[in-house]
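> Structure for the following, please:
(2 chains)
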Protein chains: 2
Amino acid sequence: MKEPAIVLMSGGMDSTVCAAIAIELGYEVCALHVHYGQRTQEREAKAFTDICDYYEIINRLDIDITHLSKIGGSSLTEINMPIKKAQLDKEGIPTSYVPFRNANLLSIAVSWAEVISSHTLFIGAVEEDGSGYPDCRREFFDAFETMIDAGTKPHSHIRINTPIISMNKKDIVLEGMRLSAPLHLTWSCYSQNDIACGHCDSCALRLRGFAQAGFDDPIEYRERPHYS
Amino acid sequence: MKEPAIVLMSGGMDSTVCAAIAIELGYEVCALHVHYGQRTQEREAKAFTDICDYYEIINRLDIDITHLSKIGGSSLTEINMPIKKAQLDKEGIPTSYVPFRNANLLSIAVSWAEVISSHTLFIGAVEEDGSGYPDCRREFFDAFETMIDAGTKPHSHIRINTPIISMNKKDIVLEGMRLSAPLHLTWSCYSQNDIACGHCDSCALRLRGFAQAGFDDPIEYRERPHYS
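Coordinates of the predicted model:
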């Protein structure tokens, strides 16, 4: 029997490549998707389902933590705070920052891991591109692992795998291609629910990654600017 | 202006004494209550409201994370898993354990703290009585603080205060009495929603605490066994 691993799967490209890596490593993927009141959550949920179907993943958990939007503080969850157009050379912490989001997601993942006796989590966090989220750095995940050991049953020993943390989007596209990951089913746009806008930070990073990797992005865009 | 502190308030005695301590220390209490699908959540929410009204707390956040009950693994959230009668001398981890609950609660508290620029959390965790929850030990909170520093904005510096962690229930009752905390408004019973059962672990610990402190518990019980 394969060892179970919980993979945080947003429906985006990074976490899909992360799931592909977990599968290649021989794990039985248990897929955890989290809604948190983000604008595009329905489209992301569809992507999650499509990707799980593609990989024939049986163990799926779809969790609603819309309370994070009640707390506010981020343009991803507050409708009245406009999504900025991409400024890929911008420094500092972007307004799409959901305070302490990864800690909330990982805490849920650890609760599930304890119940199903899984010792392995995968999260497709990426430090790259000056994106500046403090909870995307390996230093944060190391501290989280120490905290898990202190806060779970003695034999839990849950580890957090971040296999793409040092990759840039070009590397992620290449890794996805190598693993035949279903990138055509993924959703990245922060702004639209039907056809990707091509202009938000997330679309821009994705399009630039494909351009640098020398592949065409298989999804449709309203506009497809060239980022290099 | 007073400095804001987020206090996790379940509606129980421990967190109420914790709030009383935060108030005595001069903080502006921001009260965070969390539902997680526990059987007695409506009664606990009423206690929370009553205690906030008593202290005239304006900043209140009531959060639903019933997904923890979707994950399961605990008799507090799974209706089909019976609540055990109190065995106060029992060793090990009780079945009322919600896996990694405090990490989930604290992650929400930190998200809120980041938004309102609070640097101080209070949680009424207690190590005592062999209750055996790994996420109630100071070692866990220390690891959590380190993880917060790694995962939040550089100037967040959020600390977790656990002022009653080394107290037993007798000490907590005495501290509550010293501070004139509204213990008559608190709810502790794991099992009932109207009149406390007197028999579950939580009722037993509470009644024993009052007995040892030499006070009468001001709330009503269906039965009031003597625990010593």
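> Would you tell me which strand is longest in chain A?
As assigned by DSSP state E, the longest strand anywhere in chain A is strand A:28-35.
> lowest-confidence helix or strand of chain A?
One helix or strand of chain A scores below all others by mean pLDDT, DSSP states H and E: helix A:67-71, with a mean of 71.
> And the next helix or strand past it?
Sequence-wise, the next helix or strand downstream of helix A:67-71 (DSSP states H and E) is helix A:101-116.
> hang on, the earlier thing: and the next element down the chain from the longest strand of chain A?
Downstream of strand A:28-35, the first helix or strand assigned by DSSP H and E is helix A:41-54.
> That following helix vs strand A:28-35, what angle?
Orientation check (axes from the mean of the first three to the mean of the last three Cα atoms, to 10 degrees): helix A:41-54 against strand A:28-35 gives 170 degrees.
> ok, and what's touching the following helix or strand past helix A:41-54?
Once helix A:41-54 ends, the next helix or strand along the chain (criterion: DSSP H and E) is strand A:60-64. Strand A:60-64 is contacted from outside by A:30-35, A:45, A:48, A:52, A:108, A:112, B:67, B:70-71, using Cβ atoms under 8 Å, 6 or more residues apart in numbering or on different chains. The C-beta positions use only the backbone N, C-alpha and C, and glycine is treated the same way.
> partner strands of strand A:60-64, parallel or antiparallel?
Partners of strand A:60-64 in the sheet, by DSSP bridges, are strand A:28-35 (parallel).
> mind listing what's buried in the partner strand?
Neighbour-count burial for strand A:28-35, counted by 16 or more other Cβ atoms under 10 Å in any protein chain shown, picks out A:Val29, A:Cys30, A:Ala31, A:Leu32, A:His33, A:Val34, A:His35.
> would you list the residues you listed in CSV and tack on pLDDT?
Shown next, in CSV, are these (pLDDT from 0 to 100):
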residue, pLDDT
A:Val29, 97
A:Cys30, 95
A:Ala31, 96
A:Leu32, 95
A:His33, 95
A:Val34, 89
A:His35, 81
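> As CSV, these with distance to B:Phe122 would be great.
Formatted as CSV, these follow (distance: Cβ to Cβ, whole Å):
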residue, distance to B:Phe122
A:Val29, 39
A:Cys30, 35
A:Ala31, 36
A:Leu32, 30
A:His33, 33
A:Val34, 27
A:His35, 29
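> List just the nearest of these to chain B.
A:Val34 (8.6 Å; Cβ to the nearest Cβ).
> Not counting its neighbours along the chain, what's nearest the closest one?
A:Ile63 (4.9 Å; Cβ to Cβ, 6 or more residues apart in numbering or on different chains).
> Backbone torsions only: list them for the residue of chain A most remote from its centre.
Within chain A, the residue lying farthest from the chain centre (Cα atoms, centre = their mean) is A:Pro154, at 29.1 Å. With angles defined as degrees, to the nearest 10, A:Pro154 sits at phi -50, psi -30.
> Touching the longest strand of chain A from outside, list them.
A:1-11, A:19, A:22-23, A:41, A:44-45, A:48, A:51-52, A:55, A:57, A:59-66, A:104-105, A:108-109, A:112, A:116, A:118.
> cool, stretch A:106-117 as well?
A:4, A:6, A:8, A:30, A:32, A:34, A:59, A:61, A:63, A:65, A:118-121, A:123, A:144, A:148, A:152-153, A:156, A:158, A:160, B:67-68, B:71-73, B:98-101, B:103-104, B:107.
> Mind giving me the PyMOL select for those residues, buried ones only?
Per 16+ other Cβ under 10 Å, the buried members of these correspond to this PyMOL selection:
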select buried, (chain A and resi 4+6+8+30+32+34+61+63+65+118+120+121+123+144+148+152+153+156+158+160) or (chain B and resi 67+68+71+72+73+98+99+100+101+103+104+107)
